[in-house]
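> give the three-dimensional model of this entry:
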Amino acid sequence: MIAIRIAKGTFKVWTKRIGNNPKMKLLLLAGGPGLSHEYLECFESFIPKEGVELIYYDILGSGYSDNPKDTTLWDLPRYVEELEIVRKELKLDSSNLYLFGHSWGGILGIEYALKYQKNIKGLIVSNMMASAKLYAEYATNVLSTDFEPKALARVREIEAKKDFENPEYMNLLIPNFYVKHICRISPDQWPNPLNRAIASENSSLYVTMQGPSEFGISGKLVNWDRTADLKRITIPTLVIGAKYDTMDPKHMKWMAGQMSRGEFLYCANGSHLSMYDDQEAYMSGLVKFLHKVDTK
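Down below sits the predicted model:
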C-alpha cells in the first residue's frame, strides 16, 4: 500500500497494488463519488491472473484516503490534478497505464484524458454517459417508467421537499430502482465488497457532486457535458454499457463511435454494476480489450 501526499502535502490518498507487470497496469477509479475501491474487489478474481497489475485508488474523501471537512475540495478539476499527482508518484505513463473509470470514475477518466491523454495507454469508461443532462433526461423519461406510479409520485413529493433523510425515500428507491438498474441481485445477496463500499460511502462528497440518489443528478456535476469533446480522445478507449443500466446504453455506444479508436462492450444482462450481474460478459470483454491494446 502506498499513501500519496496531495494538496501541497496537506492530505494523503490511499493506493494499493496487486501483481506486477511493467507493461500493463490497470488503475481503478471507483464511482459515487464517495464510494471506496472496495466494490471493485471483484476484479481481483479476473485481472491479476491475466497478468495485468491491478491498482486500487481511493480519491480524497473516500475509503482509506483522508476525508477533510472542507467541501470546496469536492471539485472535478481538482480531482483531475490529484489523479495526475497519483500517476506520477506511481510512475505510470503511456507505456503501461490503463485508466479505468466506473460511473463517476468514468467522468473523472474522461476529464483526465481530455487534458492528459498523452500519459495513458488505454482508457475504459464503464457505465457512464458523456452528459449529465442526457443522463437526467434518461432517468426521467425512461427509467421512471419502471416505477410503480404511486411509488414514483411519493418519491417526487419527497424530492420536492428535499426530505432526503426520510427513510421512506430509500425504501421506495431500492425496490423500484436500485434492484432493477443498480445491481440486479437481491439486496440480501449483494456481495460483501459492495456492501462495505456502500456502508463507508462519504455522503457529503456524493450529495455535493451527484445529488441525493442515483435517480437523476442535481449536484455540482449537473451541467457536466463532454459530448462535443469525445472526438478529441484519440487513445484506445473501451466504453462499457448495459441493458438495464442507469445510463442509456445507446448513448454509450454512440460515445464509442465518437472516438477514433473507441470500442463498445454491451452487457445484455447487466445493470449499472454489470461487473457483478453480468460478470462473464463484462470481465471477458475488458480482458480482451486490455490484451488487444497491449499487443499493438
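> list the residues that contact the closest residue to residue 47 other than its chain neighbours.
If the residues on either side of it in the chain are set aside, residue 47 comes closest to residue 54, at 4.9 Å by Cβ to Cβ, 6 or more residues apart in numbering. Any C-beta I mention is one placed from the backbone N, CA and C, and that applies to glycine too. Contacts for residue 54 (Cβ atoms under 8 Å, 6 or more residues apart in numbering) come out as 17, 18, 19, 26, 28, 43, 44, 47, 48.
> all helices for the stretch 1-150 of the chain, in order.
Shown for the stretch 1-150 of the chain, the helices assigned by DSSP state H, counting those that start in this stretch span residues 76-89, 104-116, 132-141, 149-160.
> nearest to residue 97, of the ones you listed?
Closest approach to residue 97 among those is made by helix 76-89 (6.8 Å; Cβ to Cβ).
> give me the helices and strands touching the longest strand belonging to the chain, please.
In the chain, with assignment by DSSP state E, the single longest strand is strand 11-18. Using 3 or more Cβ pairs under 8 Å, 6 or more residues apart in numbering; DSSP states H and E as the contact criterion, the secondary-structure elements in contact with strand 11-18 are strand 2-6, strand 53-58, helix 76-89.
> which of those is buried the deepest?
Relative to the other members of these, strand 53-58 carries the highest mean neighbour count by mean count of other Cβ atoms under 10 Å, namely a mean of 23.
> tilt between that one and helix 104-116?
100 degrees (axes from the mean of the first three to the mean of the last three Cα atoms, to 10 degrees).
> re earlier: who wins for proximity to residue 186 among the helices and strands packed on strand 11-18?
Evaluated with Cβ to Cβ, these place strand 53-58 nearest to residue 186, the distance being 27.0 Å.
> gap between that closest one and the chain center?
14 Å (Cα atoms, centre = their mean, to the nearest Å).
> partner strands of that strand, parallel or antiparallel?
According to DSSP bridges, the neighbouring strands of strand 53-58, each with its direction, are strand 11-18 (antiparallel), strand 25-29 (parallel).
> where does the chain have low pLDDT?
In the prediction, the chain carries residues with pLDDT under 70 at positions 7, 213-216.
> now the farthest one out in it, which residue is it?
residue 150 (30.9 Å; Cα atoms, centre = their mean).
> could you flag which of the contacts of residue 54 are buried?
In terms of neighbour count (16 or more other Cβ atoms under 10 Å), the buried residues within these are 19, 26, 28, 43, 47, 48.
> contacting residues around the second one?
By that I understand residue 26. Contacts for residue 26 were tallied using Cβ under 8 Å, 6+ apart; they are 43, 47, 52, 53, 54, 55, 98, 100, 290.
> apply 7 Å and report the result again.
Applying Cβ atoms under 7 Å, 6 or more residues apart in numbering, one finds that residue 26 lies in contact with 47, 52, 53, 54, 55, 98, 100.
> distance of the second one from residue 26?
I take that to be residue 52. The gap separating residue 52 from residue 26 is 5 Å, by Cβ to Cβ, to the nearest Å.
> and the last one, by the same measure?
Distance of residue 100 to residue 26, computed by Cβ to Cβ: 6 Å.
> cool, and the first one?
In this structure, residue 47 lies at 6 Å from residue 26, with Cβ to Cβ as the measure.
> equivalent analysis for the third one, please.
As for residue 53, its distance to residue 26 is 7 Å (criterion: Cβ to Cβ).
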